[in-house]
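Asker: Here is my input, please return the structure:
(chains A and B)
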Protein chains: 2
Amino acid sequence: MTEAAAAPSDRTRVRRIAKNASYDSATLHAIIDAAYLCHIAIQDEQGAHCLPTACWRKGEYLYIHGSNGSRLLKRLMDADSCVTITHLDGLVLARSAFNHSMNYRSAMIYGRFERVDDDGKIAAMEAFMESLVPGRQAEVRPGSDKEYAATTVLRIALTEAACKIRGGGPNDDEEDMDWPAWAGVLPLKQVHLQPLPHPASTAATPEYVSRWSAE
Amino acid sequence: MTEAAAAPSDRTRVRRIAKNASYDSATLHAIIDAAYLCHIAIQDEQGAHCLPTACWRKGEYLYIHGSNGSRLLKRLMDADSCVTITHLDGLVLARSAFNHSMNYRSAMIYGRFERVDDDGKIAAMEAFMESLVPGRQAEVRPGSDKEYAATTVLRIALTEAACKIRGGGPNDDEEDMDWPAWAGVLPLKQVHLQPLPHPASTAATPEYVSRWSAE
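Answerer: Numbering: from 1, shown residues only, chains lettered A, B, ... in the order given. So this is what the prediction gives:
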């Protein structure tokens, strides 16, 4: 096993099964770019909250957005938080109950969210649309000043992050290798299903829609 | 729209798009039972953490497990936390950029985790196996006393919880209905792929494995 790059901070240093840890930005980018949403841990006077929200990446930042009225969005700028993305890739069936596991790719990002200013907001929201459905931005009715004014966009730097990945088959104890139980992986994958046009949609099917369920 | 049951507490009361909220246990159970993992927000002296971990349900509790050595598992018994499960069902493409959305089913559970005692631990871990791969428990090499002693099982009551579900097509503004952009849903689904037997696995393929990729 090669020595991995060092963790960027104490709270990102993976302690449990540290050989599965990775701190390089290519791995981090790939995990974020494969995600539509993240979960964010924050704390307020009512305790800890775990918020699911849509996310996207532009350069070395992860972006989220929400309504100006959101109390929790405001709270994200007042204290550090932790953003986690997890892709589940399969159930790992070992010969012993104890060695069962899951295959996954996960990333944890620590830091403080900052508000994206008005100049950056439109570009950030357009990058979001482009990440979801490339090419659609030019077709939709663009956001009005009022709609943009009601929207807050926040970003967090990707500087303090750790990834953890488990892949491959089961790791059984040597003495269990002859135990007569099926061993292997039951894979899981998030896939695209057939698009569902709105009944009143009269527009021709764009390329990003016809391509969707082939991806 | 019918009046939904009341939120069990202030911190579970859904404020944003409250018509998508649900507080009934059948909805909560269905969201948990469809999940392999959850994210948990907790706080320690290093700030907030968002932990991904496997979960399962037995009656009116959500269970997790981990190694005795885990600092964060210990921390879960010292303070309230928030457990969130999110299933993403699709991208909702509206005629205007602003009205784009996502379809999802999510649950948030608040409370304090408690340790499952030694008597309950084996039954809880067997329920976990049964929830993942029904019928497999009888085939694997059972956990030894040493393995169980190294494992902590925690549970949290499902009494303080809220679900939020968005389904269906886009909700465009009336004045955008003639805008010439495709409108509809691009559905997403987590599916089972073909099982991957371990090269050294000699056991016959059990029914729960051959059934996997047909589900």
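Asker: Only the buried residues of the lowest-mean-pLDDT helix or strand in chain A, if you could.
Answerer: The weakest-scoring helix or strand in chain A, judged by mean pLDDT, DSSP states H and E, is helix A:71-75 (a mean of 87). Neighbour-count burial for helix A:71-75 flags A:72-73, A:75 (criterion: 16 or more other Cβ atoms under 10 Å in any protein chain shown). No exception for glycine: its C-beta is placed from N, CA and C like everyone else's.
Asker: I'd like to know which elements that helix is packed against.
Answerer: Counting contacts by 3 or more Cβ pairs under 8 Å, 6 or more residues apart in numbering or on different chains; DSSP states H and E, helix A:71-75 packs against strand A:37-44.
Asker: Let's verify the residue in chain A sticking out farthest from the centre: helix, strand, or coil?
Answerer: Residue farthest from the centre of chain A, counting by Cα atoms, centre = their mean, is A:D178 at 39.0 Å. Following DSSP: H, G, I helix; E, B strand; the rest coil, A:D178 is assigned to coil.
Asker: hang on, the earlier thing: would you tell me which one of the buried residues of helix A:71-75 comes nearest to B:T151?
Answerer: Proximity of the buried residues of helix A:71-75 to B:T151 (Cβ to Cβ) peaks at A:L72, which lies at 34.0 Å.
Asker: So the closest one sits against A:I42, correct?
Answerer: Yes. Between A:L72 and A:I42 there is a contact under Cβ atoms under 8 Å: 6.4 Å.
Asker: residues shared between the contacts of the two?
Answerer: Common contacts of A:L72 and A:I42 (Cβ atoms under 8 Å, 6 or more residues apart in numbering or on different chains): A:49, A:51.
Asker: Show me where chain A has its strands.
Answerer: Secondary structure of chain A, counting by DSSP state E: strands at A:21-22, A:37-44, A:47-54, A:56-58, A:61-67, A:81-93, A:101-111, A:114-115, A:151-157, A:161-166, A:184-192, A:196-197.
Asker: Pull the contacting residues for the closest residue in space to A:A5 that isn't next to it in sequence.
Answerer: Counting by Cβ to Cβ, 6 or more residues apart in numbering or on different chains, A:A5 lies nearest to A:Y23, which is 4.6 Å off, once chain neighbours are set aside. A:Y23 is in contact with A:4-8, A:12, A:161-163, counting by Cβ under 8 Å, 6+ apart.
Asker: for the longest helix along chain A, packing partners?
Answerer: Assignment by DSSP state H gives helix A:118-132 as the longest helix of chain A. If you count contacts as 3+ Cβ pairs under 8 Å, 6+ apart, helix A:118-132 packs onto strand A:56-58, strand A:61-67, helix A:145-149, strand A:151-157.
Asker: if we can go back for a sec, measure the residue nearest to A:A5 to chain B for me?
Answerer: 17 Å (Cβ to the nearest Cβ, to the nearest Å).
Asker: Rebuild the strands of chain A as TSV, extending it with mean neighbour count.
Answerer: TSV is the format used below for the strands of chain A (neighbours: other Cβ atoms under 10 Å in any protein chain shown):
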stretch	mean neighbour count
strand A:21-22	20
strand A:37-44	23
strand A:47-54	22
strand A:56-58	20
strand A:61-67	20
strand A:81-93	23
strand A:101-111	22
strand A:114-115	14
strand A:151-157	21
strand A:161-166	21
strand A:184-192	18
strand A:196-197	16
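Asker: Columns mean pLDDT and distance to B:R112 on top of those strands, output as CSV?
Answerer: Compiled in CSV, these are given as follows (pLDDT from 0 to 100; distance: least, Cβ to Cβ, whole Å):
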stretch, mean pLDDT, distance to B:R112
strand A:21-22, 90, 30
strand A:37-44, 95, 15
strand A:47-54, 95, 10
strand A:56-58, 97, 34
strand A:61-67, 97, 28
strand A:81-93, 98, 20
strand A:101-111, 98, 23
strand A:114-115, 97, 33
strand A:151-157, 97, 29
strand A:161-166, 97, 26
strand A:184-192, 98, 31
strand A:196-197, 96, 42
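Asker: Switch those strands over to CSV; also include distance to B:A18.
Answerer: Shown next, in CSV, are the strands of chain A (distance: least, Cβ to Cβ, whole Å):
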stretch, distance to B:A18
strand A:21-22, 41
strand A:37-44, 19
strand A:47-54, 16
strand A:56-58, 26
strand A:61-67, 13
strand A:81-93, 24
strand A:101-111, 30
strand A:114-115, 26
strand A:151-157, 20
strand A:161-166, 34
strand A:184-192, 28
strand A:196-197, 26
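Asker: so what's A:T53 up against?
Answerer: By Cβ under 8 Å, 6+ apart, the residues touching A:T53 are A:37-40, A:64, A:66.
Asker: Run through the bridge partners of it.
Answerer: Per DSSP bridges, the residues bridged to A:T53 are A:C38.
Asker: give me the number of residues near the residue nearest to A:E130 when sequence neighbours are not counted?
Answerer: Ranked by Cβ to Cβ, 6+ apart and with sequence neighbours excluded, the top spatial neighbour of A:E130 is A:Q137, at 6.0 Å. Other residues lying near A:Q137 total 16 when counted by other Cβ atoms under 10 Å in any protein chain shown.
Asker: Quick check: buried residues in stretch A:172-183?
Answerer: For stretch A:172-183, by 16+ other Cβ under 10 Å, it's A:172, A:176, A:179, A:181-183.
Asker: thinking again about what came up before, out of the contacts of A:T53, who's nearest chain B?
Answerer: Nearest to chain B among those: A:H39, at 3.8 Å, using Cβ to the nearest Cβ.
Asker: if I look at the nearest residue to that closest one once chain neighbours are set aside, how far off is A:R115?
Answerer: Excluding the flanking residues, the one nearest A:H39 by Cβ to Cβ, 6+ apart is B:H39, at 3.8 Å. Distance, B:H39 to A:R115, by Cβ to Cβ, to the nearest Å: 24 Å.
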